[in-house]
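**Q** Dropping a prediction and its sequence here:
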Amino acid sequence: MITEKFKNVDKIIRKVPEWLNNPLWSANPTSGPVDGGYTIEEHELLGVGRDDETVESFASSSNSWSSGGERSSRIENDRNHGEGKIDPDDQKNKHHICDQHSSDPVLPSLPGHSSSSPNFQRCLPSGTRLDRYSSALSKEVINLAELQSLASQGIPDYGGLRATVWKLLLCYLPRNRDLWESELARKRSKYAALKEELLMNPTEVTRRMEETSRQNKLDGRNDEDGQLRRHEILHGDHPLSLGETSVWNQFFQDIEMAEQIERDVKRTHPDMIFFSGESALALENQEALKRILFIFAKLHPSTQYVQGMNEVLAPLYHVFRTDPDEGNAVNAEADAFFCLVELLSNFLDHFCQKLDNTTVGIRSTMARMTDLLKKHDEELWRHLDATTKVNPQFYAFRWITTLFTQEFSFLDCLRIWDSLLSNPDGPLEILLRICCAMLICIRSQLLAGDFTSNLKLLQHYPPVDINHLLHMADELKNRT
């Protein structure tokens, strides 16, 4: 339990800052089509409300995201994802390079992708944010500060751009573009070696050990009598062995963890056919997620696998697997693994129960969140902490450990992660500000509620305008 900091009941409540009284914070989210949002084909990849036929079609062709034909329709969404609107005046001066068989303009090829690929026959008019991304990624050495500034405003959903930018922000790709190809080949080869080593059946392990032992004994010796040699079975090779070094004993210990991973993976985004269901695509993706999480757990014995890691992995894998570049899409599993390792390195202590009560544990992080709320809105902090006594463990624990993947729609989560991964001060710093902004954004409802209503509200966070929420989080930093 986080100890209560409110002790003086008669303390005068600090006046609410004027900026919190701005009606902007209580404004309802705007509705209508979002410029730069997902197209129908892209929405199909997200798996919302599509049939199995659509899934099979995508599974058989990695280029289905950007096939030719009319693509003027947009999915109407009641949440704004931050893709900047095109000024009508710019429409008069823009220069499109159009495909003869498509009404879509051509996207200038980005580094690391083939300019001849049909997946890149798309673009936005010159002068837009997409051109700034193309310029930033075309440099021989990427300016990380420039890329972070661009990504913090939201990454356009075009041409696998988010996949490339996230890999750079997570330091999976080096800043020097000349090293991209060799570094990707090295890491993908390393992941293949990890799969062969850590996912091998104990029977195969012991068989290889036997072959090696037999070969060593037979070197330089002829069995002229033709008699069969008795095979010596070591204690550690026996399936019933309880030895710490026994591959069989370790295998049976891993079964329970593997079963937990399988249960959680099957529950990952059940509303998306990309992850859920019995289609070939969904089953393939589930197997990839299970392998990634199992290997991660084997390489991190102090934490192993903890429920919630599957939710953190899902956005990474989805973004990389839906990259229109086929060479990147088929290696999404390896790329997602290394990016997961890098991302969770900032939060791994939150998953270790032994560290819960330390300065790096989850309770300390939640305490920092409440301190931040007290600093910016003492009245709301007092109401939650002293009046209704809603412990942050009841809601903030999930917010922090799953990086908001359970609180917002998948598309909104991607937009939040653009800001999360691009924050120069690290993802944890902005994560706490977003948590605080989430509370302040619904302050009027919280101040009017009791323990039961507030707990329900915080555990089922209402829909909000994501750009509005992120702007509010930025305001908290500016007023620090």
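**A** Ah, there it is.
**Q** Low-confidence regions, the stretch 51-200 of the chain specifically.
**A** 51-127, 200 (pLDDT under 70).
**Q** Mind doing that once more with 90?
**A** By pLDDT under 90, the weakly predicted segments of the stretch 51-200 of the chain are 51-131, 157-159, 197-200.
**Q** go on, the stretch 351-480 of the chain?
**A** Applying pLDDT under 90 to the stretch 351-480 of the chain flags residues 351-360, 478-480.
**Q** redo that, cut-off 80
**A** For the stretch 351-480 of the chain, the stretches with pLDDT under 80 are 479-480.
**Q** Okay, helices next: where are they in it?
**A** Assigned helices in the stretch 351-480 of the chain, in chain order: 362-376, 378-382, 396-401, 410-422, 427-441, 443-447, 451-459, 466-478 (criterion: DSSP state H, counting those that start in this stretch).
**Q** For residue 351, find the nearest of those.
**A** Closest of those to residue 351 is helix 396-401, at 6.8 Å (criterion: CB to CB). Quick note: C-beta positions are derived from backbone N, CA and C, even for glycine.
**Q** any chance of the helices of the stretch 351-480 of the chain in TSV, with distance to residue 179 and mean neighbour count too?
**A** Output for these, formatted as TSV (distance: least, CB to CB, whole Å; neighbours: other CB atoms under 10 Å):
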stretch	distance to residue 179	mean neighbour count
helix 362-376	35	19
helix 378-382	48	19
helix 396-401	34	20
helix 410-422	21	23
helix 427-441	24	22
helix 443-447	48	16
helix 451-459	45	16
helix 466-478	32	19
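**Q** Make TSV out of those helices and add distance to residue 334.
**A** Output for the helices of the stretch 351-480 of the chain, formatted as TSV (distance: least, CB to CB, whole Å):
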stretch	distance to residue 334
helix 362-376	29
helix 378-382	44
helix 396-401	25
helix 410-422	19
helix 427-441	22
helix 443-447	44
helix 451-459	36
helix 466-478	30
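**Q** Could you point out which of these sits nearest residue 264?
**A** Residue 264 lies closest to helix 396-401 among the helices of the stretch 351-480 of the chain, at 13.1 Å (CB to CB).
**Q** same for that closest one, what does it pack against?
**A** On a contact count with 3 or more CB pairs under 8 Å, 6 or more residues apart in numbering; DSSP states H and E, helix 396-401 meets helix 362-376, helix 427-441.
**Q** Nearest approach to residue 153 belongs to which of the helices of the stretch 351-480 of the chain?
**A** helix 410-422 (8.0 Å).
**Q** So which residues make contact with the closest one?
**A** Residues outside helix 410-422 that contact it (CB atoms under 8 Å, 6 or more residues apart in numbering): 37-38, 46, 77, 79, 81-82, 147-155, 162, 166, 169-170, 269, 272, 315, 318-319, 343, 403-405, 408, 427, 430-431, 434, 466-467, 470, 473.
**Q** cutoff 6 Å now
**A** Outside helix 410-422, the residues that touch it by CB atoms under 6 Å, 6 or more residues apart in numbering are 79, 81-82, 148, 151-152, 154-155, 169, 315, 404-405, 427, 430, 466, 470.
**Q** Make CSV out of the helices and strands packed on helix 396-401 and add distance to residue 307.
**A** Shown next, in CSV, are these (distance: least, CB to CB, whole Å):
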stretch, distance to residue 307
helix 362-376, 13
helix 427-441, 19
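**Q** Can you tell me which of these is nearest to residue 143?
**A** That would be helix 427-441 among these, by CB to CB, at 20.0 Å.
**Q** And the contacts of the closest one?
**A** By CB under 6 Å, 6+ apart, helix 427-441 touches 346, 368-369, 372-373, 377, 396, 399, 420, 423, 464, 469, 472-473, 476-477.
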